[in-house]
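Visitor: Sharing a model that was predicted from the sequence below.
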Protein chains: 2
Amino acid sequence: MVVDAVVLLSGGLDSATALFWAVRLKKWRCRALAFDYGQRHRRELRSAAAVARAAGVPLEVLRLSLPWGGSSLLAGGGRLPIRDERRIGRGPLPSTYVPARNTIFLSFALSWADAVGAGRIVIGANALDYSGYPDCRPAFLAAFERIARLGSRGGTEGRRSVRIEAPLLAMGKKEIVRLGTRLDVPFESTWSCYAGGRRPCGRCDSCRLRQKGFREAGVRDPALA
Amino acid sequence: MVVDAVVLLSGGLDSATALFWAVRLKKWRCRALAFDYGQRHRRELRSAAAVARAAGVPLEVLRLSLPWGGSSLLAGGGRLPIRDERRIGRGPLPSTYVPARNTIFLSFALSWADAVGAGRIVIGANALDYSGYPDCRPAFLAAFERIARLGSRGGTEGRRSVRIEAPLLAMGKKEIVRLGTRLDVPFESTWSCYAGGRRPCGRCDSCRLRQKGFREAGVRDPALA
């Protein structure tokens, strides 16, 4: 059972598009990995399952606990920030930053990839993310690739070590919506809202950026239908 | 509540000595972190609790699952290797290598440190480990320090970013036993055996290296009493 890539899938727009890129464009045999880590929008895991199913990719959901908290994105972590759209991505780290979350997610993906001999990890990190979150920056992803080379079986035994593929890295939301449209990503199944209510709140950073992306791409967001 | 360091604690000889080094020599206010990850020697967690108690340090035990397996150190992962002592640390990676385990452990430690503003992560990695396990090598630990700098709040907001402290890195088991003796590490509470029976098997790599260390240090191993 050959696995080419382990794909980090949250159930949001970006990771869904990254998964479809890997499956439809690259034709990689993929496994998807999602995390139940106490996020207030735990509802995104249903979206992850729907997106993985649509892509025909097996999904593993791991349960983690981060008892030290430190983020408004975690259940019980205080109020979500509601900010002026123009301020998103500026100034200090948003309170929705979850300490070292992507390092943790990538570590598990590396473990899976190393265990099955997969040569790639796919992550939906992009330009908008890394304007706010340090663990989405290109330099961070390059540093993690070094970790994969130095700290795994693959990198040690002379096999090619695991590469980090971030196909959306240079894109904004508009470009991501356009790529996703081209790849038939089931946008109606994706979930972006941080608040985790029954319907998107329309006010959190994630909802705002999504709305802006669909608006600028000239595409109707089917999740709001 | 100031925390200076998050210490990775397995319950074995090395991590116990590293914890006592941080608490007794460095006088750091520490938190200890252990993992219940499906290891066959799950019994080591009782030792981690006893060692943390003796050091007067709060311990957090996180439960992880690694459903992809890939290691004889995991319950259900096949037979433990029994090797000639001189061959330990030579040749290909031992089957006891757990894919990306230290990357995962360090990631959680980084999350905790970043959440509470601790400036250090302490790990008991040492020369013997990295002769066998890639994710104990000095270059790997340096690469992880870079991850901490690039991928965390601490490294981003101009605070000093988290440093990886590996006080045993240049030591063999003999030196570790000597240092532990000097620091009053409760060796009788530590657990090294991979097999996880009621008493140490005396035959696995970990038992052999421990025996050799105590023998060469001229110290009686109280865990065998």
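Guide: Thanks, I have the structure now.
Visitor: Would you map the helices across chain A?
Guide: Secondary structure of chain A (DSSP state H): helices at A:13-20, A:44-55, A:101-116, A:127-132, A:138-150, A:153-156, A:173-182, A:205-217.
Visitor: Where among these is average confidence lowest?
Guide: Here the helices of chain A differ in mean pLDDT, and the lowest is helix A:127-132 at a mean of 74.
Visitor: Run through the residues that contact the closest residue in space to A:Trp21 that isn't next to it in sequence.
Guide: With CB to CB, 6 or more residues apart in numbering or on different chains as the criterion, A:Trp21 has its nearest non-adjacent residue at 4.8 Å, and that residue is A:Pro167. All C-beta spots, glycine's among them, are computed from the backbone N, C-alpha and C. Contacts for A:Pro167 were tallied using CB atoms under 8 Å, 6 or more residues apart in numbering or on different chains; they are A:Ala18, A:Trp21, A:Ala22, A:Val122.
Visitor: To what extent is the second one buried, counted in neighbours?
Guide: If you count neighbours by other CB atoms under 10 Å in any protein chain shown, A:Trp21 ends up with 23.
Visitor: from what I can see it touches A:Arg182, true?
Guide: No. With the criterion set as CB atoms under 8 Å, A:Trp21 and A:Arg182 do not qualify as a contacting pair; they are 9.8 Å apart.
Visitor: coming back round to it: kindly reformat the helices of chain A as CSV containing mean neighbour count and distance to B:Lys26.
Guide: Formatted as CSV, the entries for the helices of chain A read as follows, by neighbours: other CB atoms under 10 Å in any protein chain shown; distance: least, CB to CB, whole Å:
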stretch, mean neighbour count, distance to B:Lys26
helix A:13-20, 28, 41
helix A:44-55, 21, 41
helix A:101-116, 26, 25
helix A:127-132, 18, 35
helix A:138-150, 21, 26
helix A:153-156, 22, 32
helix A:173-182, 20, 47
helix A:205-217, 20, 40
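Visitor: Quick one: neighbours of A:Trp168, just the number.
Guide: Let me fix one detail, which is that residue A:168 is Leu and not Trp. Look at A:Leu168: counted by other CB under 10 Å, it has 26 neighbours.
Visitor: tally of neighbours for the residue lying closest to it once chain neighbours are set aside?
Guide: Excluding the flanking residues, the one nearest A:Leu168 by CB to CB, 6+ apart is A:Asn126, at 4.1 Å. Residues near A:Asn126, counting by other CB under 10 Å, number 23.
Visitor: Quick check: A:Asn126 touching A:Gly172?
Guide: Yes. Between A:Asn126 and A:Gly172 there is a contact at 7.3 Å, judged by CB under 8 Å.
Visitor: Out of the helices of chain A, which gets nearest to chain B?
Guide: With CB to the nearest CB as the measure, helix A:101-116 is the member of the helices of chain A nearest chain B (3.2 Å).
Visitor: helices or strands up against the closest one?
Guide: Other helices and strands packing on helix A:101-116, by 3 or more CB pairs under 8 Å, 6 or more residues apart in numbering or on different chains; DSSP states H and E, are strand A:5-8, strand A:30-36, strand A:120-122, helix A:138-150, helix A:153-156, helix B:101-116.
Visitor: Of all these, which one is nearest A:Cys201?
Guide: For A:Cys201, the closest of those is strand A:30-36, at 20.9 Å, according to CB to CB.
Visitor: picking that back up, with distance to B:Gly11 added, can I get the helices and strands packed on helix A:101-116 in TSV?
Guide: Compiled in TSV, the helices and strands packed on helix A:101-116 are given as follows (distance: least, CB to CB, whole Å):
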stretch	distance to B:Gly11
strand A:5-8	30
strand A:30-36	26
strand A:120-122	31
helix A:138-150	25
helix A:153-156	25
helix B:101-116	13
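Visitor: Quick one: closest of the ones you listed to A:Pro94.
Guide: Proximity to A:Pro94, assessed across these by CB to CB, is greatest for helix B:101-116 (14.4 Å).
Visitor: and that closest one, how far from the chain's centre?
Guide: The chain centroid and the centroid of helix B:101-116 are separated by 13 Å, computed with CA atoms, centre = their mean, to the nearest Å.
Visitor: Take it, keep the C-alpha atoms, and write them as PDB.
Guide: In PDB, the C-alpha atoms belonging to helix B:101-116 read as follows (Å, rounded to 0.1, in the frame of the first residue of the first chain):
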ATOM      1  CA  ARG B 101       8.700  10.600  18.400                       C
ATOM      2  CA  ASN B 102      11.100  13.300  19.700                       C
ATOM      3  CA  THR B 103       9.700  15.800  17.200                       C
ATOM      4  CA  ILE B 104       6.300  15.200  18.600                       C
ATOM      5  CA  PHE B 105       7.400  15.400  22.200                       C
ATOM      6  CA  LEU B 106       9.400  18.600  21.600                       C
ATOM      7  CA  SER B 107       6.400  20.100  19.800                       C
ATOM      8  CA  PHE B 108       4.200  19.700  22.800                       C
ATOM      9  CA  ALA B 109       6.900  21.000  25.100                       C
ATOM     10  CA  LEU B 110       7.200  24.000  22.800                       C
ATOM     11  CA  SER B 111       3.500  24.600  23.000                       C
ATOM     12  CA  TRP B 112       3.500  24.500  26.800                       C
ATOM     13  CA  ALA B 113       6.600  26.700  27.000                       C
ATOM     14  CA  ASP B 114       5.100  29.200  24.500                       C
ATOM     15  CA  ALA B 115       1.800  29.300  26.300                       C
ATOM     16  CA  VAL B 116       3.400  30.200  29.700                       C
END
